[in-house]
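Peer 1: requesting a structural model of the entry that follows:
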Amino acid sequence: MRKLVLILLVLVAAAGGAYVIAGFQAPPSITFTQPGDFAGGAIPIEFDVASATPADLSIAFEQGGQRTPVVTPPSGSSFVKTTVSAASVPGLKIAAGPAKVIVTASRKVWGIRTVSTEVAKSVTIRLEKPRVSVVSTKHYINLGGSEMIVYRATPDDVVSGVRVGDIEYPGFPYKDGLRIAFFALRYDADVNAPMRLFARDVTGEEAASDFDHLTFTKPFKKSTIPLDDKFLDRVVPAILAGTTDVAPTGSTIEKYVVINNDLRQKNNAKIHSMAAQTAPEMLWNGAVFHAFANTKAEAAFADFRTYVYQGKEVDKQVHLGFDLASFANTPVVAANRGKVLFAAELGIYGNCVIIDHGMGVQSLYGHLSSIGVKPGDLVEKAQEIGRSGMTG
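Peer 2: Residues are numbered from 1 along each chain as shown. Sure thing, here's the model as predicted:
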């Protein structure tokens, strides 16, 4: 009898020990990927489940102190992706404001105990849908040109603007609830590229609207640029001495082609990055551009150039700017009031100044012999910012 009691005591102790140890086993872990910080009336829910044994799962929505079960995923799921809305869950009420998505996961340990975890993801519900509508009329734009549009977009915090093809041009608040966007039809775009206003909220929901516009083709100049050793020996070492973005090897002409291609692309990427630093308000006054006196246009925008060396074509590029010839060491002035974003050497542009005039409008001044401003300076229209180079 004593042996039996002893055996029973040992078994009870072992079972108790196993039960206690089971409680220390790792519960399932939950890692959310959705929702984000914001969601609309249809809430996307995605999460990964890591569990030593198949886990039972449940999803609840909590708002205003009320928790409502919404989904019971299949037991043992390692990844769950679903969408919850008032329409998909009878009795579920979703209101604008803070809420939580709560996932509970539990698994059996040795068949004697359950270990559980509960993870909550906070989310702000947005139910006001984005809206956008055009106000201005008669929008005309040339291939390679730009245009302005006036429109309304709500709610106030939506990201909005004009989408041309797959390129987005942001809009900015103006006055009386209006917004303004400046947009372009790139020189290399389809002249019939779709153009639409858009407004997108923090949940990713988007509204779009067509607007009246006419586009026009425009022939661009094609020119041949002869290269000689005198020119190459002058410009190639000078450009390479001022940049670490490229380190070409080979002959001088081979180095020039790397500069004309790779360095040009990197410089243009730098210029493009400046657009994100634009002021949301209009900084300029009156007519946008100062009339540059005593200058002659030597090259136009979107000039398609073929480069020839020793009778052979070595490169093709598109010149994205205007070359205004003047006298050497002539004062170069700001096209209009704005803030200096960049004032330093910039690869193929030499000594360069970039001025932000606000609302996405910026101007670039390259090939300067000297720079008279620094980043952060607020310059006025026609204020001297530097001097022209040795060729004017």
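Peer 1: where does pLDDT dip in the stretch 101-250 of the chain?
Peer 2: Counting by pLDDT under 70, the ranges of the stretch 101-250 of the chain that qualify are 110-112.
Peer 1: how about the helices in it?
Peer 2: Read by DSSP state H, counting those that start in this stretch, the stretch 101-250 of the chain holds these helices, from start to end of the chain: 229-241.
Peer 1: now residue 200: closest residue in space that isn't a chain neighbour?
Peer 2: On the basis of CB to CB, 6 or more residues apart in numbering, the spatially nearest residue to residue 200 that is not a chain neighbour turns out to be residue 206, at 4.3 Å. C-beta here means a position set from N, CA and C on the backbone, and glycine is covered the same way.
Peer 1: for residue 132, same thing?
Peer 2: If the residues on either side of it in the chain are set aside, residue 132 comes closest to residue 199, at 3.9 Å by CB to CB, 6+ apart.
Peer 1: that neighbour bridge partners, please.
Peer 2: When assigned by DSSP bridges, residue 199 has beta-bridge partners residue 160, residue 207.
Peer 1: so it touches residue 160, yeah?
Peer 2: Yes. Distance between residue 199 and residue 160: 4.2 Å, which falls inside the contact criterion (CB atoms under 8 Å).
Peer 1: overlap of the contact sets of the two?
Peer 2: Taking CB atoms under 8 Å, 6 or more residues apart in numbering as the criterion, residue 199 and residue 160 both touch 130, 132, 153.
Peer 1: now, of these, which are buried?
Peer 2: 130, 132, 153 (16 or more other CB atoms under 10 Å).
Peer 1: isn't the second one up against residue 208?
Peer 2: Meaning residue 132. Yes. The pair residue 132 / residue 208 is scored as a contact, 7.0 Å apart, by CB under 8 Å.
Peer 1: so what sits against both of those two?
Peer 2: A shared contact of residue 132 and residue 208, defined by CB under 8 Å, 6+ apart, is any residue touching both; here these are 197, 198, 199.
Peer 1: quick check: end-to-end length of stretch 197-204?
Peer 2: 15 Å (CA to CA, to the nearest Å).
Peer 1: who touches it?
Peer 2: Taking contacts as CB under 8 Å, 6+ apart, the residues outside stretch 197-204 that touch it are 36-40, 126, 128-134, 149, 151, 153-155, 157-163, 168, 181, 206-211.
Peer 1: which parts of it are buried?
Peer 2: Applying a neighbour-count criterion of 16+ other CB under 10 Å, one finds 197, 198, 199, 200, 201, 202, 203 buried in stretch 197-204.
Peer 1: now these as CSV including distance to residue 114?
Peer 2: Conversion of the buried residues of stretch 197-204 to CSV gives the following (distance: CB to CB, whole Å):
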residue, distance to residue 114
197, 55
198, 50
199, 48
200, 44
201, 41
202, 38
203, 36
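Peer 1: list just the nearest of those to residue 337.
Peer 2: Residue 337 has its nearest neighbour among the buried residues of stretch 197-204 in residue 197, at 28.2 Å by CB to CB.
Peer 1: if I look at that closest one, how far off is residue 320?
Peer 2: Distance check for residue 197 against residue 320: by CB to CB, to the nearest Å, it reads 26 Å.
Peer 1: what would the shared contacts of residue 199 and residue 160 look like in CSV with distance to residue 364?
Peer 2: As requested, the shared contacts of residue 199 and residue 160 are arranged in CSV below (distance: CB to CB, whole Å):
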residue, distance to residue 364
130, 34
132, 31
153, 30
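Peer 1: look at residue 262 and give its secondary structure.
Peer 2: helix (DSSP: H, G, I helix; E, B strand; the rest coil).
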